[in-house]
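> all I have is the shape, not the residue letters:
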């Protein structure tokens, strides 16, 4: 069984003077602007790394909730921040690391059990696995 979700991007112009938009199938993002300045110059707006961080934090937190439930715990709250690092690498850039910061309130769990579940979620969440996965491309030049 495959669950397919989609997102799209549109870009016009060169790298530094161009502008783009990002949209999601659900409409949660609809023509959200992004560009060189929001990615490399820390200007307000979104960028791919921020979106990856949101996806990773959300996926990880849901995976942890499932793992905690399997261990007999229900979290009162789980708050996760994902810091995605984009670094210069050779002639281009690479995502070199993601740092997850988790704060949780889980009645009945001790530190050791919480850490065990948190680490299991870190390895098992689908977005964590994505950072080392096959990438496929369907490219078409349109005039």
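In hand now; what should we look at? Everything numeric here is computed off the predicted structure, so don't read it as measured data.
> got a list of contacts for the helix or strand where residue 54 lies?
Assigned by DSSP states H and E, residue 54 belongs to helix 48-70. Here helix 48-70 makes contact (CB atoms under 8 Å, 6 or more residues apart in numbering) with 22, 34, 39, 74-75, 78-84, 86, 95, 98, 100, 102, 104, 106, 109, 117-118, 120-122, 124-128. (Each C-beta comes from the backbone N, C-alpha and C, glycine too.)
> got it, and stretch 131-143?
For stretch 131-143, with CB under 8 Å, 6+ apart as the criterion, the contacting residues are 95, 98.
> cool, and stretch 109-117?
64, 67-68, 71, 73, 104, 106.
> list the buried residues for that stretch?
Within stretch 109-117, the residues scored as buried using 16 or more other CB atoms under 10 Å are 109, 114, 117.
> just give the closest residue to residue 78, not the sequence neighbours.
Nearest residue to residue 78 in three dimensions, chain neighbours excluded: residue 104, at 4.6 Å (CB to CB, 6 or more residues apart in numbering).
> quick one: residues contacting the one you found.
Residue 104 neighbours (CB under 8 Å, 6+ apart): 64, 75, 77-79, 114, 118.
> return the member of the residues you listed nearest to residue 18.
residue 79 (35.3 Å; CB to CB).
> is it true that residue 8 touches residue 23?
Yes: counting by CB atoms under 8 Å, residue 23 is a contact partner of residue 8 at 5.2 Å.
> what about the two, which has more around it?
residue 23 (16 against 11; other CB atoms under 10 Å).
> for stretch 79-97, give me every contacting residue.
With CB under 8 Å, 6+ apart as the criterion, stretch 79-97 contacts 39, 49-50, 52-54, 56-58, 60-61, 64, 98-104, 131.
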